[in-house]
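[1] Okay, sequence plus prediction incoming.
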Amino acid sequence: MEERDIRELLSINTTLPDVAPEHVHSTAQCLETPQGTGLWILDVLIGAIALVGLGENTIVLWLLRFRLPSTAFSVYILNLAAADALLLLCMVLNSVLLRVCTIPHDESLFKFMDLGKFFPYITGMSFLSAISTERCLSTLYPVWYRCCRPRRTSAAVCALLWALNFLLTVTEGLCCGLHTRGDSSKVCRPLDVIIMVWLAFLLFVLCGSSLTLLVRVQCVSLHAQPPRLYVIILFVVLVFLLCGQPLGICDGLLRLEAISKEKMTPYVKRACILLSCVNSSANPVIYFFVGSGRQKLRSRRSLKLVLQRALEEEPEIEGGRDIQLLETEQ
């Protein structure tokens, strides 16, 4: 009888440490971060910028969805704003989870949050590449674009990109995202290569089409003011390359194991996340800034007019003549 009691007591003592170490360790790890340090400041900045950007993109979504007529370009901007809003929402939640010590910090929770940030990031990059590519095609082949382009092309491309990137993210989550990579390295490694090839392809398309638009803007600007759509696309692409791309580079280095997670300091990760928040928050500012021109925003109604002015199709000027007139003459 005594031996049985001793065995039960030993089994309790050996099983109890397995129940609480993760919570105790994560809580202690959270509590040991001193208030007022660089990481705390970065988290506050990330949360503040993400909240502001979330509000800006919500306004853009509301105006494009309910207040403005749909165009080929506005459909892309609507979906890009949705992807940016989702990314900023994940950034806010991630910043809160990092600073709330009462929540058990399970590793799978943060892996799930990483997937939640990766999905809108890669989707937004896909939309940006599609916007730049379509505008490039409309510049190089204006007659085909106006006469032969299917009417629902923008909606179909956006739906395809949402589905493709969602499938890619879910596949990663099921195969290796919520588990340690050592347990499923045979599956994770090829999947990481596929993701990096897809990101590299998007970046190549984005840079190539944007460079073509830049040359076009330079040619048009010799005779007249370039269309606002071109200016918006070039500014958005420039901000993405400066602020959004570092997060993709950081993620790519970790995926290809070019740098270990131990060497990737928390400050570098926070800095990349902060720049990504700036990128997603800057897009609505670019729309309203380019659309306003010298006009002053005085009312809520003016936001609608400015956004409509920014996204409207403008005829190009080539050699001092309207390009639409040139097409009709031909």
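    Perfect, I can see it now.

[2] Please, where are all the helices along the protein?
    Assigned by DSSP state H, the helices in the chain fall at 2-15, 21-31, 38-62, 72-99, 107-140, 142-147, 153-172, 185-220, 228-239, 245-255, 266-292, 300-311, 323-329.

[3] will you turn those helices into JSON lines that also has mean neighbour count and mean pLDDT?
    Every C-beta, even on glycine, is put in place using the N, C-alpha and C of the backbone. Listed next are the helices of the chain as JSON lines, based on neighbours: other C-beta atoms under 10 Å; pLDDT from 0 to 100:
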{"stretch": "helix 2-15", "mean neighbour count": "9", "mean pLDDT": "46"}
{"stretch": "helix 21-31", "mean neighbour count": "13", "mean pLDDT": "41"}
{"stretch": "helix 38-62", "mean neighbour count": "18", "mean pLDDT": "90"}
{"stretch": "helix 72-99", "mean neighbour count": "22", "mean pLDDT": "89"}
{"stretch": "helix 107-140", "mean neighbour count": "20", "mean pLDDT": "86"}
{"stretch": "helix 142-147", "mean neighbour count": "13", "mean pLDDT": "81"}
{"stretch": "helix 153-172", "mean neighbour count": "16", "mean pLDDT": "92"}
{"stretch": "helix 185-220", "mean neighbour count": "16", "mean pLDDT": "86"}
{"stretch": "helix 228-239", "mean neighbour count": "20", "mean pLDDT": "90"}
{"stretch": "helix 245-255", "mean neighbour count": "18", "mean pLDDT": "86"}
{"stretch": "helix 266-292", "mean neighbour count": "20", "mean pLDDT": "90"}
{"stretch": "helix 300-311", "mean neighbour count": "18", "mean pLDDT": "76"}
{"stretch": "helix 323-329", "mean neighbour count": "11", "mean pLDDT": "39"}
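
[4] now the most centrally placed residue in the chain: how far from L202?
    Closest residue to the average C-alpha location of the chain: Y121 at 2.9 Å, with C-alpha atoms, centre = their mean. Taking C-beta to C-beta, to the nearest Å as the measure, Y121 and L202 are separated by 11 Å.

[5] now I194
    13 Å.

[6] same check, this time on A82
    Counting by C-beta to C-beta, the gap from A82 to L202 is 18 Å.

[7] Next: F288.
    26 Å.

[8] cool, S281 as well?
    As defined by C-beta to C-beta, S281 lies at a distance of 21 Å from L202.

[9] again, but for S132
    Distance from S132 to L202, by C-beta to C-beta: 10 Å.

[10] now swap in L88 and tell me
    Separation of L88 from L202 (C-beta to C-beta) stands at 20 Å.

[11] which residue packs closest to S126, ignoring adjacent ones?
    Nearest residue to S126 in three dimensions, chain neighbours excluded: L161, at 4.4 Å (C-beta to C-beta, 6 or more residues apart in numbering).
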